[in-house]
Each structure stands twice: as C-alpha cells, then as structure tokens.
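Asker: quick one: sequence and predicted model below, then my questions.
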Amino acid sequence: MRHFPFKVVVLCLVITPILYAVTLTACHDYLEKTYLLKIENGFIGNSSDLLNGSVNIEDQIAKNIQSILSRDTLIRIARLDLEVQVTEGNGKIIYPIYAGTDGFQQDSGGYFDAQVVADKNFAILNSGLKVSAVLHLDHGSFLANFIFSLYSGTSLLIFFVFYKRGSLRAKQERDANNALIHDLKKDEMRREQLVKDLNRERVELFKNVKQLNEKYQSEQEKAKINEDEMFNEIINLEEQLNKYIELKKLRDVEIDELKSNLEKFERRKSPGRSKRSEFDFISKRFGTLYKNVEMSQKALVGFTSLAEELQIKAEETIYHLDRDPGSVIVKRKVFSGKKHKATCFEVLFAYEGRLYFMNHPNKIEVVVIGTKHTQSRDMEYLHNL
C-alpha cells in the first residue's frame, strides 16, 4: 500500500466532475450561439417567393428551420433538444405555429390571394423578425453522458498508469528484499554448520585428550622409563589444545561478523529507508507535475516534515506558481544571500505555512518550505545563501 497512488486517485476524483461541469457549460453556450447564428442566416431562405406571394412566410420559415435541424448531424446523433422561436416586431409568434392562432385560422380557408399574401409577408418582414434559440443540455443527455464518460475514462487511464508504476516499484523492492533475505539465510546456515563442526571437533579433541591421559596414567603406572616421551606427548596435546582455542577464536570472530551483517540488514529495513524512498518519490513527482517550478532540497525536506493538511495547502501554492504565478499573493520581499542580495518572496498558506521562492528567467525556484515555528531558522538559512 506504500506505493498506492492515493494522491492521483484524489486528484482524478476531484478534477473529473469539475472538468465535466465546465465542459458541459461551455458546450451549451457554444452550441446555442452556433445554432442561433445558423438559423438566423437561413430561416428566411428565398425572399422572392415571399414577395411575390407564392408562399406564406410562416410556412417557409417553418420549412427552412425544420430543414436546417433535420440536416444537422449533431442534432440527429446526440438528440439535442433545441427550442427555436421566431417572433414579429410586435411580439407575435411566427414559428412554431400553434393550432388556434389567428394566422392559422386565416391560412386554413380555401381562398388564396397572392397579392394579399405578398403584402402580409412584406409587412412581417418590414416589422423585423427576432429569432431565439434555447438549447436544453441537461445531465443525463447523450452529449452530457459522452463528456462524462470521456473524462472518467481518461481519469481511469491515468490511475491505471500510476498504479502499474507503483506495483512495478513494489515488486522490485520485494524481489530485492527476498534476495537479501535468501543470502542472509544462506550465511546463517553456513554459520550453523560451522558451529556444528566446531562442536564436533571439540568433542573429538576432548575425547583424544581423555584417551591420551588414560594412556599416560596407564604407562606411568607400568613404568616411568618413558617419562620424557610422555612429557613430549603432553606438550603436543597442549599445542593442539592451543590451536583449537585459536581456531575457536577465529570461529567466534566469524560469528560476530555474521551477527553484524544481520544487524545491518535490520537497519536497512528501518523507517529511515522508507523515508528516503518517500523523499525520492516526492522529488520525482514534483519534477513531473510542475515543469515550471524547481524544488530545492531544503524545500523538499521542509515539505516532507509538514503535516498532511499543510502538505496539501503547500502543493496547492506550488500548483498556482506553476500555472499562474501572478495569482499567488506575496506577503513581503526577503533579501537572501551574504554577498549578492537576491530577492525572495514570502507566501503564506494555511495560516501557519511559509513558502519562499525566487524568480528566475525561465523557472521559479522554491527555496524553503516551513511554518511560522521554523521561520527564524528559515530566514537565517536564506540570509546565509
């Protein structure tokens, strides 16, 4: 679980609905303006037919609008709900035509006078026509579901990439630890075998000493003519015993070395190593996510020492420095360095947090990250740069 990308999961869960809402609103505004302009340019059509009275203006407007909507591929595929309305200058609705209106009753008679129709069409055109288009792009519609599916799929893809990367790193660490444990177990088995060999040699040596002592006593009881020979033999036995003692000391040194190796292995598994891995991971992650911001080692150490809530606020400030430095509120300027007085800027985050950065020609360098409790040490560090 140490390599599980929790921050990537949180980022994907937060940014997906935000991007979905922003994109849906932008699509709604863009499509509504586009279709309004498209209908305004083509809803009248051929004006000569209207002026010679061969067709009613209401019929031609309805026919042209329906033709525009039926030919539009996006409306057919995405089943967009576009509400179009055309009104005269005095507010009378020309399109859509509803049953029971005055215009419908007049046009439903059998008599058709082209001059009357032409005058009526001219009067309506002269009064000015107003077109309104309202697009109903609600949640759950085809286009909304498509946008949400697109962002959700992208988020899942990003999560899968980071998850695979973390799984690969965890597998590599497990393989390295298993290999080290296997080597240590082999050393331990070899040490146990050495101890067994030493014990067996010690038993044999004591047995030989006992046998020789018994033989010496027996020979001494029988005769004392071979005292010199027996004395030399005792000396040889003592030399062998001294060799055994020296060999035992060497074996004890080897055992101590093996114990030292075991202690080193335990120290490698201590929390300091995991902290170093976390430090390297944060350094690589910042270098990948924030291309326009360079993090100093002092800033990374300060970031890792913060509480989780302060880390989130600090990374939010770094995010704004990377995307839009002008939006970051600077509390004051701080002059750093003994010889060259370089200008640093102090930024507050989460009330207690302090972040100091410098502006370079192509990048922003975050020099120090800390809190108000470490501010005196951080200022002293900046002045000594």
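Answerer: That came in fine, so what should we check first? Values in this document were obtained by computation on a predicted structure and should not be read as measured data.

Asker: how much space between residue 288 and residue 92?
Answerer: 62 Å (CB to CB, to the nearest Å). In this view, the C-beta of every residue, glycine as well, is placed from N, C-alpha and C.

Asker: so between these two, which is more surrounded?
Answerer: Taking other CB atoms under 10 Å, residue 288 and residue 92 do not tie; residue 92 has more neighbours (13 against 8).

Asker: so what pLDDT did the more buried one get?
Answerer: Listed pLDDT for residue 92 reads 82.

Asker: what does residue 203 give?
Answerer: 90.

Asker: now the phi/psi pair for it, please.
Answerer: phi -60, psi -40 (degrees, to the nearest 10).

Asker: one more: residue 335?
Answerer: The phi/psi pair for residue 335 (degrees, to the nearest 10) is phi -90, psi 120.

Asker: and for the closest residue to it other than its chain neighbours, the neighbour number?
Answerer: In space, and not counting its chain neighbours, residue 335 is closest to residue 341: 4.5 Å by CB to CB, 6 or more residues apart in numbering. For residue 341, the neighbour count with other CB under 10 Å is 10.

Asker: same thing with residue 33?
Answerer: 12.

Asker: swap in residue 375?
Answerer: 15.

Asker: and it, helix, strand or coil?
Answerer: helix (DSSP: H, G, I helix; E, B strand; the rest coil).

Asker: residues near residue 370, how many?
Answerer: Counted by other CB under 10 Å, the residues lying close to residue 370 total 26.

Asker: ok, the residue nearest to residue 335 to residue 154 distance?
Answerer: Taking CB to CB, one finds residue 341 at 47 Å from residue 154.

Asker: what of residue 42?
Answerer: Applying CB to CB to residue 42 and residue 154 gives a distance of 37 Å.

Asker: what of residue 56?
Answerer: On the measure of CB to CB, residue 56 and residue 154 end up 51 Å apart.

Asker: so which of these two has more stuff around it?
Answerer: Neighbour count, other CB under 10 Å: between residue 56 and residue 154, residue 56 has more, with 21 against 14.

Asker: surely that one is in contact with residue 119?
Answerer: No. Residue 56 lies out of contact with residue 119 (CB atoms under 8 Å); the separation is 11.9 Å.

Asker: residue 68 and residue 369: what is the separation?
Answerer: In terms of CB to CB, residue 68 sits 58 Å off from residue 369.

Asker: can you give me the helices in the stretch 151-300 of the chain?
Answerer: In the stretch 151-300 of the chain, the helices defined using DSSP state H, counting those that start in this stretch lie at 227-268, 271-289, 297-304.

Asker: tally of neighbours for residue 94?
Answerer: Residues within reach of residue 94, counting by other CB under 10 Å, total 21.

Asker: surely it touches residue 87?
Answerer: Yes. Counting by CB under 8 Å, residue 94 touches residue 87, with 6.3 Å between them.

Asker: so what sits against both of the two?
Answerer: By CB atoms under 8 Å, 6 or more residues apart in numbering, residue 94 and residue 87 have these common neighbours: residue 129.

Asker: name the helices or strands packed onto the host helix or strand of residue 7?
Answerer: Element membership for residue 7 (DSSP states H and E) is helix 6-42. Helices and strands touching helix 6-42, by 3 or more CB pairs under 8 Å, 6 or more residues apart in numbering; DSSP states H and E, are helix 57-71, strand 81-87, strand 130-136, helix 142-222.

Asker: repeat that for 6 Å
Answerer: In terms of contacts (3 or more CB pairs under 6 Å, 6 or more residues apart in numbering; DSSP states H and E), helix 6-42 is packed against strand 130-136, helix 142-222.

Asker: hmm, who's touching the shortest one?
Answerer: Taking CB atoms under 6 Å, 6 or more residues apart in numbering as the criterion, the residues outside strand 130-136 that touch it are 28, 31-32, 35-36, 39-40, 81-87.
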